[in-house]
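Asker: the amino acid sequence is not available; the structure is as follows:
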């Protein structure tokens, strides 16, 4: 039976009206069949639908072959001089862009070609290939162009495919650029992939040039996100500094806003100290310093909470013990790394070390695990828990086995070991990647153990190649000194030690002989407060060379070896409960690691855990016991610590210390304003408790409004001074009754200003702190140090702080009995002279020099007096500026005032000299002969003095002419000669008048030059005399 079938494509064409019904014939019958196929109700019940999947691909391939052969092509696409013949129907079906072009009245609909200027020929070829066959080729260099063209031509499927291809090319160097590209062209999946990549690789991305070129808004958005993955918050801070320093001039003002996005609650206090010590961008910016002060408050005061919490990668934590390397059975070294979750007692498999290692030392520093020395090809390697990777150093460092490693103040201390010098101690600065040698130990040691207890390093046991040791040494990093303390009860090497609660150290196991034949089964504890070693319960399984860690009030032992079968290693884990003095078995190691990582006490860590299968990060361990703190506070209140009552006991002492931050002095009002941290320390017996009864809590922090405070105030205050109760500062109360209060205050005190040598002056002011109510019988106030702490001092633009000395004095009052102690701080400050030299001294010198122009201007100009008046007016304004700066009540006359007065007199004298000179230049009767005394003094002597030649010869010439005229008159007696004589007399009289006028003017010019020299010498002598009067000028201290 013959069967008719309709392909899906043909049915779609029919539904769109591509087939038109015609009259009669085959077409009418064909349409009848098609309608029956399309309308199931009219078709026979036995009709069956057939579909050929291969036909679709063959049809598309045939269409593409027709295009390549330019068969039935009805339009042409032109790009970059290259033409592509195509079929309109195919382009119309594939792209809404071409559909709108070919179905509307656009020029391309009639011209027979389409010109695309923004698409290259190679990209257009791939696009046409995709529209005909659904296939296109691209690479990392052309994928972005393909996406741009697909977006322009409205081909979403091609755009999506190209975006997915770019997702596989994302790297550290291009993730930011791809994110920007994806945002511009609405590639959501590509944008999400780029954002996720930059979040997960944040520390590496911030080092690229693309990050340094980001605008402020994108950087702020990036560092504000919770999702960025860092091993420590300091990496975010470093990213901010990198971005700002790339263009410091334009970005420095944006630094405060970016610092607000840094989560200081996740940073180390040592990192904040490094910022203060080294980062000028922060400490020189007042807005940044305010933010930094807020961060410091969060560390100083536990009840001060920052609004921003930790990021997700640093947020959820769980205590995990990490074990690295060691011996398997048969003395085979291993590179295995395991994690033991204390809460669940489960084991985690962590990445293996770069190479096998045994007899090594390990410690946690700066959130990372450092493994040093031992028998290994690599001397030092480091594990980053966030990136879940090991890193090794390429340095050729001479590390040795059987050494001890501890971490203190984010620095590593490598102690002893099997080497030529077993006494050596080295310190490693992790942030600088630098090693330095410290003071050596008193004893040679190897296979010893070391712990950190209350900022001190204790080293115990070991051997010196001859015997096992039981000696103990203590190292103080503050002064780089070793001190020998009480020996242990038993000598031991390869033992394990850890610091536990209540200031104690526990030492477990080890070998007691040099032959590895006898294990020391005992366990002993050192009590620092009693300076005593005591034996306690021994582990159920004696062991040596084991790992140890102390968490809360429990001590865990891992693996090790014994003498029964030293080749086979132990796999048991025991726990010592301190309060119950007993050992219990808690777990078995999944793989026998044997001598795993001695000195495990430094491995107490908290691993970041977003979920059990994700990466983990180390951080500090902290536990707060709120119920016990509340109990202590209630107990103190019951003992009557009321702030309103005077204590009925003697406080005994009050230690006082000032930390200077800023100084501002006001000469006009004779006061000094000081921004300081005031540190007060005293002992209040009512604030003491037995720490053993309250969960071993040694200190609490309380609000000062709830406690009694000493009424120590500034005795020479220039305004009302608050006692500080309203500030955010809190009292730190210790269990022995010692109370400390670090209070920030701004104080204004009176200060007698000695302005004799202003502005080359040094000032000495006093700050006197004492009590109004308590005499020395109840309260003894004394400074903690001889000088104030200037470590936090911020340089002032006007004053230099030379020093602050402190001393204790006694004061008596007529109204009260007894002596009242007080602390006096002598503040020595020096004025910076550049500002005053430029604004007070130099203008005055210039005015004095400009006055010389009075003698240089031509007398005929008539501008001498007006110029002098202008100079006097300018000098008056300068005098008003000086009056506004200096105090009106000062007992001393400043040198600058003397200089100003002298200069004012000299300028006024110059005006008088100018008037006298003009009087000679324009006399009342210029034809009158000059007096003889003026002729002798001025035209003769003064002219020689000022090196100015005169016209005295003209006078003698006039006399000769006069004598000649008289002779001629006697010889000629006619009338004509008489008339000629009269005419000649008039001419000679005029010449005589001109000669006299020139002589007066010559005298004026000589006086003018003489006065100019006198004035110049006077102002130079005045300036030199004033400057040499200042001691600082004579010493060259400006």
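Answerer: All right, it came through fine. Since the model is a prediction, treat every value here as computed from it, not as a measurement.

Asker: next one: the host helix or strand of residue 524 to chain centre, how far?
Answerer: Residue 524 is part of strand 523-527 when elements are defined by DSSP states H and E. Computed by C-alpha atoms, centre = their mean, to the nearest Å, the chain-centroid distance of strand 523-527 equals 44 Å.

Asker: show me what that strand is packed up against.
Answerer: Counting contacts by 3 or more C-beta pairs under 8 Å, 6 or more residues apart in numbering; DSSP states H and E, strand 523-527 packs against strand 504-508, strand 532-536. Backbone N, C-alpha and C define where each C-beta goes, glycine included.

Asker: now do the next helix or strand after the last one, average pLDDT.
Answerer: Spelled out, it's strand 532-536. Sequence-wise, the next helix or strand downstream of strand 532-536 (DSSP H and E) is strand 547-551. Averaging pLDDT along strand 547-551 gives 90.

Asker: give the partner strands of the following helix or strand past strand 547-551 in its sheet and their orientations.
Answerer: Next helix or strand after strand 547-551 toward the C-terminus (DSSP H and E): strand 554-558. Strand pairing for strand 554-558, using DSSP bridges, gives strand 547-551 (antiparallel), strand 572-577 (antiparallel).

Asker: hmm, back to that, looking at the helices and strands packed on strand 523-527, which is nearest to residue 1001?
Answerer: With C-beta to C-beta as the criterion, residue 1001 lies closest to strand 504-508 of those, at 105.2 Å.

Asker: got a list of contacts for the closest one?
Answerer: 449, 451, 453, 458, 460-461, 488, 492, 495-500, 523-528, 536, 539, 543, 546, 548, 550, 555, 557, 576 (C-beta atoms under 8 Å, 6 or more residues apart in numbering).

Asker: rerun at 6 Å
Answerer: 451, 453, 458, 460, 495-500, 523-527, 555 (C-beta atoms under 6 Å, 6 or more residues apart in numbering).

Asker: would you turn the helices and strands packed on strand 523-527 into JSON lines with mean pLDDT?
Answerer: Formatted as JSON lines, these follow (pLDDT from 0 to 100):
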{"stretch": "strand 504-508", "mean pLDDT": "94"}
{"stretch": "strand 532-536", "mean pLDDT": "93"}
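
Asker: residue 51: which of the contacts of strand 504-508 is nearest?
Answerer: residue 555 (74.5 Å).

Asker: can you pull the contacts of that closest one?
Answerer: 498, 506, 576 are the contacts of residue 555 under C-beta under 6 Å, 6+ apart.

Asker: just the buried ones from the residues you listed?
Answerer: Buried subset of the contacts of residue 555 (neighbour count, 16 or more other C-beta atoms under 10 Å): 498, 506, 576.

Asker: mind putting those residues in JSON lines, distance to residue 738 included?
Answerer: What follows is the buried ones among the contacts of residue 555, written out as JSON lines (distance: C-beta to C-beta, whole Å):
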{"residue": "498", "distance to residue 738": "28"}
{"residue": "506", "distance to residue 738": "28"}
{"residue": "576", "distance to residue 738": "32"}
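
Asker: wait, which of the helices and strands packed on strand 523-527 is closest to residue 208?
Answerer: With C-beta to C-beta as the measure, strand 504-508 is the member of the helices and strands packed on strand 523-527 nearest residue 208 (47.9 Å).

Asker: returning to what we had before: of all the helices and strands packed on strand 523-527, which one comes closest to residue 742?
Answerer: Nearest to residue 742, of all these, is strand 504-508, at 29.6 Å by C-beta to C-beta.

Asker: off-centre distance for the longest strand along the chain?
Answerer: In the chain, with assignment by DSSP state E, the single longest strand is strand 671-688. In terms of C-alpha atoms, centre = their mean, the centre of strand 671-688 is set 29 Å apart from its chain centre.

Asker: pLDDT on it, on average?
Answerer: pLDDT averaged over strand 671-688 gives 79.

Asker: circling back: point out the most buried one among the helices and strands packed on strand 523-527.
Answerer: For the helices and strands packed on strand 523-527, the largest average neighbour count (mean count of other C-beta atoms under 10 Å) is found in strand 504-508, namely a mean of 24.

Asker: let me know the angle separating that one from strand 523-527.
Answerer: In terms of direction (axes from the mean of the first three to the mean of the last three C-alpha atoms, to 10 degrees), strand 504-508 departs from strand 523-527 by 160 degrees.

Asker: distance from strand 504-508 to the middle of the chain?
Answerer: Remark: strand 504-508 is offset 41 Å from the chain centroid, using C-alpha atoms, centre = their mean.

Asker: that strand: partners in the sheet, and parallel or antiparallel?
Answerer: strand 496-500 (antiparallel), strand 523-527 (antiparallel).

Asker: can you redo these as CSV with distance to residue 105?
Answerer: Converted to CSV, these look like this (distance: least, C-beta to C-beta, whole Å):
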stretch, distance to residue 105
strand 496-500, 88
strand 523-527, 97
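
Asker: the helices and strands packed on strand 523-527: which one's closest to residue 137?
Answerer: strand 504-508 (68.0 Å).

Asker: let me know the angle separating the closest one from strand 532-536.
Answerer: For strand 504-508 against strand 532-536, the angle by the same axes, to 10 degrees is 50 degrees.

Asker: start the count at 28, not 1, going forward
Answerer: OK, 28 is where the count begins now, so the last one is strand 531-535.

Asker: residue 118 sits in which helix or strand?
Answerer: If you go by DSSP H and E, residue 118 is part of helix 115-121.

Asker: and the next element down the chain from that helix?
Answerer: Counting by DSSP H and E, what follows helix 115-121 is helix 123-129.

Asker: gap between stretch 574-588 and the chain center?
Answerer: 39 Å.

Asker: in it, what's buried?
Answerer: 574-578, 581-588.

Asker: now, which of the residues you listed sits nearest residue 445?
Answerer: Nearest to residue 445 among the buried residues of stretch 574-588, with distances taken as C-beta to C-beta, is residue 588, at 18.1 Å.

Asker: do you know the pLDDT at residue 45?
Answerer: For residue 45, the pLDDT comes out at 38.

Asker: what ranges do the strands span in the stretch 28-177 of the chain?
Answerer: Counting by DSSP state E, counting those that start in this stretch, the stretch 28-177 of the chain has strands at residues 102-106, 109-113, 140-142.

Asker: of all those strands, which one is nearest residue 537?
Answerer: strand 102-106 (82.0 Å).

Asker: mind listing what the closest one pairs with, with the direction of each?
Answerer: strand 109-113 (antiparallel), strand 140-142 (parallel).

Asker: relative to the whole chain's centre, how far out is it?
Answerer: That offset, for strand 102-106, works out to 59 Å (C-alpha atoms, centre = their mean).

Asker: for that strand, what is the average pLDDT?
Answerer: 87.

Asker: can you list the buried residues in it?
Answerer: Result for strand 102-106 [16+ other C-beta under 10 Å]: buried residues 102, 104, 106.

Asker: roughly how far apart are the spatially closest residue to residue 109 that is not a sequence neighbour and residue 176?
Answerer: Of all residues not flanking residue 109 in the chain, residue 148 sits nearest, at 3.9 Å (C-beta to C-beta, 6 or more residues apart in numbering). Going from residue 148 to residue 176 by C-beta to C-beta, to the nearest Å gives 11 Å.
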